[in-house]
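Trainee: after the sequence you'll find the predicted model.
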Amino acid sequence: MKHATDIDTRLPYRESDDYVNHLIERCTSNAIEQHHHQPQRMVPLWIISAAASAVLLLTAGITWWHLQRPATITETEQGPLDRFLDNLSDEDASYITYYEMEEIPTEIYN
Amino acid sequence: MTATTHPLITMLRDPAQREQGFSTLLRQHGHALYWHIRRVVVGHDDAEDAFQETCIKLWGGIDKFQGTDEAQLIAWTYTIATREALQLLRRQVHWFQSIDDLSDTLTERMMAETPLDSQAAEVLFQQALLQLPTQQRIAFNLRYYDNLSFAQIAQITGKREGTVKVNYHYAEEKVKHFITQHAQ
């Protein structure tokens, strides 16, 4: 196989040295100029992404919690029915139980 | 023994001399970087775009460069140039495709940009290179055209030296085979 020194390495591409020199010059000044005009990014991109993800997760969590809230209230807080049952005397309670038992079809016990 | 820092690297690290150092760096190595990019992306306009991006990344990343000798500096510039060239190619394929699928497109592009008076052997050689998977093609180009060591190529491509040697060996065999098959 030929070595790089035996072959025109640029073939079949034919940009002249002048063209490449000009390109280098142009790109060098563009790079420096662009950097001067761009404010230095103080916070790395991954930190911004992580913070955005955390905010998103927090929002999703709060939304989920709000959706679950009614079930939580019935378990932990006393509603009107709970208060009524708490204030019920034993006699009234046994009456209610007896009354409810009467409503149950007798075939269940047979 | 304390390693002395290459004068160009010292210039690049000194804010007062940084611009001058950057211009010197590109005057010395800009041609090699341009042709490396041109061989990877093939298209003339694409090469210009990738070279511009490379310059921007080089200038913006000087503070991150940790090396002390020229070989490390060169490897760093090639790493960024290779990354930008591959990035440009990735933008030309769909998300489910590999840049290796661009082989035919790059060959067509190369043929379209080939001057009419080009030698058939030279064109055939380029065609053979463009049939190679991208990693093999890059390993081959860096060794064959840029005369870089396998260790440097490994550093540039982020592969192990053994992997680079295998890539180069396969590339060489495939190029020989392609030319034998297609030469009249």
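Mentor: It's in.
Trainee: point out where chain A drops to low pLDDT.
Mentor: Chain A contains residues with pLDDT under 70 at A:1-12, A:36-42, A:69-80, A:94-110.
Trainee: cool, chain B as well?
Mentor: B:1-3, B:184.
Trainee: so which bits of it are right by chain A?
Mentor: By CB under 8 Å from any CB of the partner chain, the residues of chain B that approach chain A are B:19, B:22-23, B:26-27, B:30-31, B:34-35, B:38, B:44, B:48, B:51-52, B:54-56, B:58-60, B:110, B:113-115, B:118-119, B:122-123, B:125-126, B:144-145, B:147, B:172, B:175-176. Where you see a C-beta, it was placed from the backbone N, CA and C, and this is true even at glycine.
Trainee: any quick ChimeraX command for the buried ones out of those residues?
Mentor: The buried subset of the residues of chain B next to chain A, as determined by 16 or more other CB atoms under 10 Å in any protein chain shown, is captured in ChimeraX by this line:
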select /B:19,22,23,26,30,31,34,35,38,48,51,52,54,55,56,58,59,60,110,113,114,118,122,123,125,126,144,145,172,175
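Trainee: in strands, which of the residues of chain B next to chain A fall?
Mentor: Members of the residues of chain B next to chain A lying in strands (criterion: DSSP state E): none.
Trainee: helix or strand right after the one helix or strand residue A:32 maps to?
Mentor: Secondary structure from DSSP states H and E places residue A:32 in helix A:17-37. Using DSSP H and E, the next helix or strand after helix A:17-37 towards the C-terminus is helix A:45-76.
Trainee: near residue A:45, how many other residues are there?
Mentor: 8 (other CB atoms under 10 Å in any protein chain shown).
Trainee: how near is it to residue A:51?
Mentor: Distance, residue A:45 to residue A:51, by CB to CB, to the nearest Å: 11 Å.
Trainee: how about residue B:107?
Mentor: Residue B:107 is 46 Å from residue A:51, by CB to CB.
Trainee: how is chain B carved up into domains?
Mentor: What automatic domain parsing lists as the domains of chain B is B:1-92, B:98-184.
Trainee: residue contacts, the nearest residue to residue B:19 once chain neighbours are set aside?
Mentor: Of all residues not flanking residue B:19 in the chain, residue A:32 sits nearest, at 5.8 Å (CB to CB, 6 or more residues apart in numbering or on different chains). By CB atoms under 8 Å, 6 or more residues apart in numbering or on different chains, residue A:32 lies in contact with B:19, B:22, B:59.
Trainee: any idea how far residue B:118 is from the residue positioned nearest the centre of chain B?
Mentor: Central residue of chain B (CA atoms, centre = their mean): residue B:36, 3.7 Å from the mean position. According to CB to CB, residue B:36 stands 20 Å off from residue B:118.
Trainee: how many other residues sit next to residue B:21?
Mentor: Residue B:21: 19 neighbours (other CB under 10 Å).
Trainee: what residues are up against the nearest residue to it once chain neighbours are set aside?
Mentor: Excluding its sequence neighbours, the residue lying closest to residue B:21 (CB to CB, 6+ apart) is residue B:11, at 3.1 Å. Neighbour list for residue B:11: B:17-18, B:20-21, B:24 [criterion: CB under 8 Å, 6+ apart].
Trainee: wait, what's in contact with the residue nearest to residue B:105 when sequence neighbours are not counted?
Mentor: Sequence neighbours aside, residue B:92 is the residue nearest to residue B:105 in space, at 7.4 Å (criterion: CB to CB, 6+ apart). Counting by CB under 8 Å, 6+ apart, residue B:92 makes contact with B:99, B:102, B:105.
Trainee: what's the burial count for the closest residue to the first one other than its chain neighbours?
Mentor: In this structure, residue B:99 finds its nearest non-sequential neighbour in residue B:89, 4.5 Å apart by CB to CB, 6+ apart. When counting by other CB under 10 Å, one arrives at 22 neighbours for residue B:89.
Trainee: hang on, residue B:89 packs against residue B:130?
Mentor: No. Using CB atoms under 8 Å, residue B:89 is not in contact with residue B:130; the gap is 12.0 Å.
Trainee: which SS state does residue B:95 fall under?
Mentor: Of the three states, residue B:95 takes coil under DSSP: H, G, I helix; E, B strand; the rest coil.
Trainee: from residue B:150, how far off is it?
Mentor: 33 Å.
Trainee: next: residue B:157.
Mentor: 10 Å.
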